[in-house]
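Student: Next comes the sequence, and after it the predicted model I'd like to discuss.
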Amino acid sequence: MGAGKVLNEVKPYLYMVLLMVGFSGMYIVSVASLRRGMSHFVIVVYRNFVATVLMTPFALIFERGVRPKMTPKIFLKVMGLVLLEPVLDQNMNYLGAKLTSAGFASALVNILPAVTFIMALLLRMEKLRLRSLHSQAKIFGTVCTVAGAVLMVLYHGPVVPFPWSPSAHHHAGAAAGAAGAAAAAASQSGAAWLNGVAMVIGSCVCWAGFFILQSNTLQSYPAEISLAALICGIGTVASGAVALVAERRDMSVWVIGFDTRLFTVVYSGIVCSGVAFYVQGIVTRVRGPVFVTAFQPLCMIFTTIMGSTILKEETTMGSVIGAAIIVVGLYALIWGKSKDHIGGGDGKPGAGGAVTELPLTSPPATNGKHALGCGHVAADVETPAAVTKCAY
């Protein structure tokens, strides 16, 4: 009994760490395909199509009896999720990386936990007590996350050699190449660079909004696989319409062969759309959207390691220091969220705020009991034990 409880507590952390590894792989294969000239609009369309083909059979088989009836209100929420993630976030993220640089975009995406936390506060999905230690930890973690990302963008420093990275006699050439790249970036259009920055920030806002809306939608539509299939299916059609308009002058971009481009869309569709939407939905319903996005900095760290190994990319001292600061902030934010889950809002059991990440919309109630949206009913929605009963 004790081992099962510990396993349930560990599962959300394990799921999110593995998911960040999966996203890191997507960044690596996507960069390789984009360097070969593949359109990012086409990647988004094929990615969501593959995810739809993967998730639909599982939704039809495993959620036949638990899938609630689709109502106009739920459908509008699904359309909002489609607009935020497959259409806006994915396209804006790719476009932002194209207009700036992949390194800049991946570093700037680490503001996602902070953006989600602020949005959750504004929507009253998160409660903040300044005298509470774990609330202070969440604030400290958010500030550290943003500070680490900004440091990585503004400061580069010398190249840090890894055991698997190119040998030391290549570092001088790499430094010269980095200086040339910096000069080329300086000569770029200022408007294009600012547009790229706006696109990356906009993608973070859309992604944070997606997590928050997903948390709300799962309260009335507690079928994670079906919801993921709907998002990917409708997202395929919507992003396809955007791609047809954007790439109307060159239809040859839709042709892909048996190479890295095919592997990119299959991998991204299975891991980063289908499986990711499902896993994020499960963890979001139990721990909230802020907990899910708090793991995003790990993706940057894994991507840096994989990039230096597979793509032979150089890692600078600024990236190492920024990553260390982000990890400190990550642990502080996760610790604060874990206290929300275990204890009350002020750090004491039963004081409230155990699941303050859930929306404050009125859930169905029976005799003063609140439905948790996962097949269980608790006498008090703030009771941690009721939350840990949800199946992952």
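Tutor: On my side now, so go ahead.

Student: Might one say that Gly209 is in contact with Ala120?
Tutor: No - Gly209 lies out of contact with Ala120 (C-beta atoms under 8 Å); the separation is 10.6 Å. C-beta coordinates here come from the backbone N, C-alpha and C atoms, glycine included.

Student: Could you measure from the residue nearest to Ala149 when sequence neighbours are not counted over to Val286?
Tutor: Of all residues not flanking Ala149 in the chain, Asn110 sits nearest, at 4.0 Å (C-beta to C-beta, 6 or more residues apart in numbering). Going from Asn110 to Val286 by C-beta to C-beta, to the nearest Å gives 24 Å.

Student: burial count for the nearest residue to Thr71 once chain neighbours are set aside?
Tutor: Leaving aside its sequence neighbours, Thr71 sits nearest to Ser220 (C-beta to C-beta, 6+ apart; 7.9 Å). Close neighbours of Ser220, defined as other C-beta atoms under 10 Å, add up to 16.

Student: Go ahead and confirm Ser220 touches Pro68.
Tutor: Yes - with contacts counted by C-beta under 8 Å, Ser220 reaches Pro68, the gap being 7.3 Å.

Student: joint contacts of these two?
Tutor: Taking C-beta atoms under 8 Å, 6 or more residues apart in numbering as the contact rule, Ser220 and Pro68 both touch Ile74.

Student: What are the buried residues along the helix or strand harbouring Cys299?
Tutor: Here Cys299 sits within helix 296-310, counting by DSSP states H and E. Residues of helix 296-310 classed as buried by neighbour count (16 or more other C-beta atoms under 10 Å): 296-304, 306-308.

Student: What of stretch 23-35?
Tutor: When burial is assessed from 16+ other C-beta under 10 Å, stretch 23-35 yields the following buried residues: 23-34.

Student: Generate JSON lines for the residues you listed, with distance to Glu247, secondary structure and pLDDT as supplementary columns.
Tutor: Formatted as JSON lines, the buried residues of stretch 23-35 follow (distance: C-beta to C-beta, whole Å; DSSP: H, G, I helix; E, B strand; the rest coil; pLDDT from 0 to 100):
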{"residue": "Phe23", "distance to Glu247": "25", "secondary structure": "helix", "pLDDT": "86"}
{"residue": "Ser24", "distance to Glu247": "28", "secondary structure": "helix", "pLDDT": "84"}
{"residue": "Gly25", "distance to Glu247": "26", "secondary structure": "helix", "pLDDT": "86"}
{"residue": "Met26", "distance to Glu247": "21", "secondary structure": "helix", "pLDDT": "84"}
{"residue": "Tyr27", "distance to Glu247": "22", "secondary structure": "helix", "pLDDT": "79"}
{"residue": "Ile28", "distance to Glu247": "24", "secondary structure": "helix", "pLDDT": "81"}
{"residue": "Val29", "distance to Glu247": "21", "secondary structure": "helix", "pLDDT": "84"}
{"residue": "Ser30", "distance to Glu247": "17", "secondary structure": "helix", "pLDDT": "83"}
{"residue": "Val31", "distance to Glu247": "20", "secondary structure": "helix", "pLDDT": "76"}
{"residue": "Ala32", "distance to Glu247": "20", "secondary structure": "helix", "pLDDT": "78"}
{"residue": "Ser33", "distance to Glu247": "15", "secondary structure": "helix", "pLDDT": "83"}
{"residue": "Leu34", "distance to Glu247": "14", "secondary structure": "helix", "pLDDT": "79"}
